[in-house]
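Engineer: Below are the sequence and a predicted model; questions follow.
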There are 2 protein chains.
Amino acid sequence: MAKLKAAPSPQTLCPVARAETVVGDRWTVLVLRELFARNHRFEEIQAYTGGTPQMIAARLKTLEVDGLVTRRVYSKRPLRHEYHLTNKGEAFFPVLFALRAFGETWCKSPREGLSMNYTHLTCGKPAGLGPVCQSCGEPLHRADMVAERTPKYQRERDARWEAFKASR
Amino acid sequence: MAKLKAAPSPQTLCPVARAETVVGDRWTVLVLRELFARNHRFEEIQAYTGGTPQMIAARLKTLEVDGLVTRRVYSKRPLRHEYHLTNKGEAFFPVLFALRAFGETWCKSPREGLSMNYTHLTCGKPAGLGPVCQSCGEPLHRADMVAERTPKYQRERDARWEAFKASR
DNA sequence: CTTGTTGCTATGATTTTCATAGTAATATGT
DNA sequence: ACATATTACTATGAAAATCATAGCAACAAG
């Protein structure tokens, strides 16, 4: 089996490098994206990220070892687990949110527009790309926002799910 | 030579996935860290990140192709280049800042303390871990802050430089 | 007792990474 | 003139990670 390498003991004081040993991997970030999107099952994560089962299994394992994710039994027979974010995992949200802002702003052609819109529950208006609410100026926290996908992006996600299901 | 693979044409609307195709790599992030730290020369980046020359060369090339970095001639004979952030590259700062906050908060033993301290020039006081200034509450921008390393972390950096120089 | 569901693991080809070493172009010192 | 230093890489080969494809295990439902 692939060696299960969690974050190695830190050889630097640099906080960025420390963080990168834990979350500095494309698949890891995509897995976290799905957990933040409240998809907790293995197959959901696999379907929406498009990863191979080994990629997903390996990332979930290291995330668990690194303390960002916990496994929770949701069925005893057959034994099945769901994956949930711990507090440490939740703390990754600002990074994901900043990454999303970068992606929306710099990794799209102008006519594509945004793929996600966040509403700030505190003020009831659009939150924008952060870090503070575009409408009311307050710092944004995940708990105070709801995310909505554009129809086009939602359709892409649905298609991924269908394609995944069809391939079984 | 290693294939020069810049971000492939996007197959998803997800802004996080788009961003990850550009910056979803440990070495890439460390290279960007050095550029934000105003180290613009190849050997500085190599020394402080600890990467092999190929790793650094490859990342700088893809960053250039992806438009986050420009090469600037600083010596005609011999021909030498410096690497600088473009606007797109500068836009990565919030991600790096959030990553640093995550690293400082969740990837250290309690007694290690912070490795870097930012001062908010707007108010003259400590900026904290963001996204808004801990002292005055204003949203933080890179241009309005100065970063200072703790002596211990600075010593680590100096040692890396010395070790690099000694190995040539 | 066959088919479906969910969550993985096994295999082997391909790709990437890493450590070590070396090259190229030029300046600088003796 | 000639050796040494500086800067920025490139070459090589072994080790590790990744990917696509396939398959398995444990049950439930019909």
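Structural biologist: Received, thanks. Numbering: from 1, shown residues only, chains lettered A, B, ... in the order given.
Engineer: got the contact list for A:Ala127?
Structural biologist: For A:Ala127, the set of contacting residues under the criterion of C-beta atoms under 8 Å, 6 or more residues apart in numbering or on different chains consists of A:118-120, A:133-135, A:140, A:145. Every residue, glycine included, has its C-beta placed from N, CA and C.
Engineer: For the residues you listed, which single residue is the most surrounded?
Structural biologist: Going through these with other C-beta atoms under 10 Å in any protein chain shown as the criterion, the one with the most neighbours is A:Leu140, at 24 neighbours.
Engineer: if we look at chain B, which of the contacts of A:Ala127 are close to it?
Structural biologist: Of the residues in the contacts of A:Ala127, proximity to chain B by C-beta under 8 Å from any C-beta of the partner chain holds for A:Leu140.
Engineer: my guess is A:Glu148 is in a helix, correct?
Structural biologist: No: with DSSP: H, G, I helix; E, B strand; the rest coil as the criterion, A:Glu148 is assigned strand and is not in a helix.
Engineer: Just the pLDDT for it.
Structural biologist: Per-residue confidence (pLDDT) for A:Glu148: 97.
Engineer: Is the helix ranked longest in chain A in proximity to chain B?
Structural biologist: Taking DSSP state H as the criterion, chain A has its longest helix at helix A:151-166. Yes: using C-beta under 8 Å from any C-beta, helix A:151-166 comes into contact with chain B via A:152-153, A:156.
Engineer: Return the mean pLDDT over that helix, rounded to an integer.
Structural biologist: Mean pLDDT, helix A:151-166: 93.
Engineer: Going by contacts, tell me the helices and strands next to it.
Structural biologist: Under the contact definition 3 or more C-beta pairs under 8 Å, 6 or more residues apart in numbering or on different chains; DSSP states H and E, helix A:151-166 sits against helix A:42-49.
Engineer: Quick check: which element contains the residue nearest the centre of chain A?
Structural biologist: Chain A has A:Arg33 as the residue nearest its centroid, 1.1 Å off, counting by C-alpha atoms, centre = their mean. Remark: A:Arg33 resides in helix A:26-36, with elements defined by DSSP states H and E.
Engineer: Give me the residues contacting that helix.
Structural biologist: If you take C-beta under 8 Å, 6+ apart as the criterion, helix A:26-36 is touched by A:22-23, A:44-45, A:48-49, A:51, A:55-56, A:59-60, A:62-63, A:68-69, A:83-85, A:89, A:92-93, A:96, A:99, A:142, B:14, B:16-17, B:20-21, B:24-25.
Engineer: from these, which are also near DNA strand C?
Structural biologist: Among the contacts of helix A:26-36, the residues lying close to DNA strand C (C-beta under 7 Å from any atom of the strand) are A:44, A:60, B:25.
Engineer: from those residues, which single one is nearest DNA strand D?
Structural biologist: Out of those, the one with the shortest distance to DNA strand D is B:Asp25. That distance is 9.9 Å, counting by C-beta to the nearest atom of the strand.
Engineer: partner residues bridging A:Leu85?
Structural biologist: With DSSP bridges as the criterion, A:Leu85 is bridged to A:Val69.
Engineer: And it, how far from A:Leu32?
Structural biologist: In this structure, A:Leu85 and A:Leu32 are 8 Å apart, going by C-beta to C-beta, to the nearest Å.
Engineer: just A:Leu140 next, same as before
Structural biologist: Using C-beta to C-beta, one obtains 18 Å as the distance from A:Leu140 to A:Leu32.
Engineer: rewinding a little: and the residue nearest to the centre of chain A, what's its pLDDT?
Structural biologist: Looking at A:Arg33, its pLDDT is 97.
Engineer: Kindly report the same for the one 4 residues further on.
Structural biologist: Among the per-residue scores, A:Ala37 shows a pLDDT of 97.
Engineer: can you pull the contacts of it?
Structural biologist: Contacts of A:Ala37 were listed using C-beta under 8 Å, 6+ apart, and they are A:48, A:147.
Engineer: Ok, A:His40 next?
Structural biologist: By C-beta under 8 Å, 6+ apart, the residues touching A:His40 are A:72, A:82-84.
Engineer: Nearest to B:Trp161 among those residues?
Structural biologist: Within the contacts of A:His40, distances to B:Trp161 taken as C-beta to C-beta reach their minimum at A:Tyr83, with 41.7 Å.
Engineer: Any part of the helix or strand where the closest one lies near DNA strand D?
Structural biologist: For A:Tyr83, the element it lies in under DSSP H and E is strand A:80-85. No: contact between strand A:80-85 and DNA strand D is absent, the nearest approach being 9.3 Å (criterion: C-beta under 7 Å from any atom of the strand).
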